[in-house]
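In: predicted structure and sequence below. I'll ask about it afterward.
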Amino acid sequence: MKFYELSAKTFQWKVILTGQKSHEVLIPLKKGKFVEEKELPLTMELIDSYEDINLWEGETPFVDILCWSSDFTLGGNCPDIGGGMSIISQQIKEVFEKYKLPPHRFYPVEMHSPHYKETRDNYFLFHMPGNGISDNEKVDYEKCTFEQVSRDQDDNRVVVASYPEGTIKSREHWLDVEMGTDPEIKIGSFEHYLIPGYDMKNGFNYVNKVYKHDYDILWGIPGMIYISEEIKKDLEAINCINSFFYETPFNMIRAFEYQQGLDNES
């Protein structure tokens, strides 16, 4: 039931795409489509985004997970949409392959570091097309639970309403609530604790987000994907370098876990 956001821990070293034209690689990725085999391997360059190598504290910049730059001043060209994407090492790939994954591709990457004058071919762009944030094909909305969250004058979190299973029927219904157009669920506001007179919209948050699938890795965004607690433990066991794990603030529940809960209640 526990899931974690997996991303690069440090942002000093980033990669940029080189050698391929945007319409051959970036546009398919941005549209959530797979890159054609003829464009592989992807050629990428490892750059020091701080532009001060003396600030680097690691033994090598060739770490296990890297951030694809989106900063155009650095030559960045990371697609901002198109599904979950992470640039990972061979050893992370080997861990992932032991688990149940959504439709995906591991695109081979040739990574060159101009500073170290070294090229490595043991990297991959892991790509899962699709939007896992809210999608009727992935999220079982009628089984999800929600809460409306406000803040008091000391900025403490306050739950003002809870919503049981069956409250939200679909992605479209969820969007109506978020946009304030639902006739029944109204989202309130609160005064910012540091700015008198400035109102903030209450949060409408998941408590249990139930998926229609049993995958051990769930969709994310470019630079971040969701992994199960089992995968997190495996990555920690192999001393995965430069990985950052952030536990999600709500439960991400796979279909088999939801069914197990029902079976335990009966």
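Out: Received it, and whenever you're ready, just let me know what you need. Being a predicted model, the structure only gives us computed values, none of them experimental.

In: going forward, measure contacts between C-alpha atoms and count neighbours the same way
Out: OK.

In: now do the strands in the stretch 51-200 of the chain.
Out: 65-68, 84-89, 105-113, 118-128, 145-151, 157-163, 189-191, 199-201 (DSSP state E, counting those that start in this stretch).

In: which among these is found nearest to residue 78?
Out: Judged by CA to CA, the one of the strands of the stretch 51-200 of the chain that comes nearest to residue 78 is strand 65-68, at 5.8 Å.

In: can you tell me what sits against the closest one?
Out: Residues from elsewhere that reach strand 65-68, judged by CA atoms under 8 Å, 6 or more residues apart in numbering: 7-8, 11, 13-16, 76-78, 86-89, 223, 241-243.

In: in PyMOL, how would I select the buried members of these?
Out: Buried members of the contacts of strand 65-68, defined by 16 or more other CA atoms under 10 Å, are picked up in PyMOL with:
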select buried, resi 7+8+13+14+15+16+76+77+78+86+87+88+89+223+241+242+243
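
In: which residues of the stretch 101-250 of the chain score low on pLDDT?
Out: Within the stretch 101-250 of the chain, the ranges that satisfy pLDDT under 70 run 132-134.

In: just to revisit the earlier point, and of the strands of the stretch 51-200 of the chain, who's closest to residue 38?
Out: strand 105-113 (11.2 Å).

In: for the closest one, C-alpha coordinates in CSV please.
Out: Once non-C-alpha atoms are left out, strand 105-113 reads as follows in CSV (Å, rounded to 0.1, in the frame of the first residue of the first chain):
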residue,chain,number,x,y,z
ARG,A,105,10.2,0.8,-22.7
PHE,A,106,13.8,0.9,-21.6
TYR,A,107,15.5,3.0,-24.3
PRO,A,108,19.3,2.5,-24.3
VAL,A,109,21.2,5.6,-23.7
GLU,A,110,24.8,6.5,-24.5
MET,A,111,25.9,9.0,-21.9
HIS,A,112,28.9,11.3,-22.6
SER,A,113,30.6,13.5,-20.0
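
In: gap between the nearest residue to residue 69 once chain neighbours are set aside and residue 67?
Out: Using CA to CA, 6 or more residues apart in numbering and skipping the chain neighbours, the partner closest in space to residue 69 is residue 76 (4.6 Å). Distance, residue 76 to residue 67, by CA to CA, to the nearest Å: 10 Å.

In: which residues are in contact with each of these two?
Out: Common neighbours of residue 76 and residue 67, using CA under 8 Å, 6+ apart, are residue 15.

In: gap between the residue nearest to residue 69 and residue 118?
Out: Distance, residue 76 to residue 118, by CA to CA: 20 Å.

In: the lengthiest helix in the chain packs against which elements?
Out: In the chain, taking DSSP state H as the definition, the longest helix is helix 255-265. Of the remaining helices and strands, none touches helix 255-265 by 3 or more CA pairs under 8 Å, 6 or more residues apart in numbering; DSSP states H and E.

In: just the CA atoms of it, as CSV, please.
Out: C-alpha atoms of helix 255-265 as CSV (Å, rounded to 0.1, in the frame of the first residue of the first chain):
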residue,chain,number,x,y,z
ALA,A,255,-6.5,-3.7,-7.2
PHE,A,256,-5.3,-6.8,-5.5
GLU,A,257,-4.7,-4.9,-2.2
TYR,A,258,-8.2,-3.5,-2.4
GLN,A,259,-9.6,-7.0,-2.8
GLN,A,260,-7.5,-8.3,0.1
GLY,A,261,-9.1,-5.6,2.3
LEU,A,262,-12.6,-6.7,1.3
ASP,A,263,-11.6,-10.4,2.0
ASN,A,264,-10.3,-9.5,5.4
GLU,A,265,-13.5,-7.7,6.3
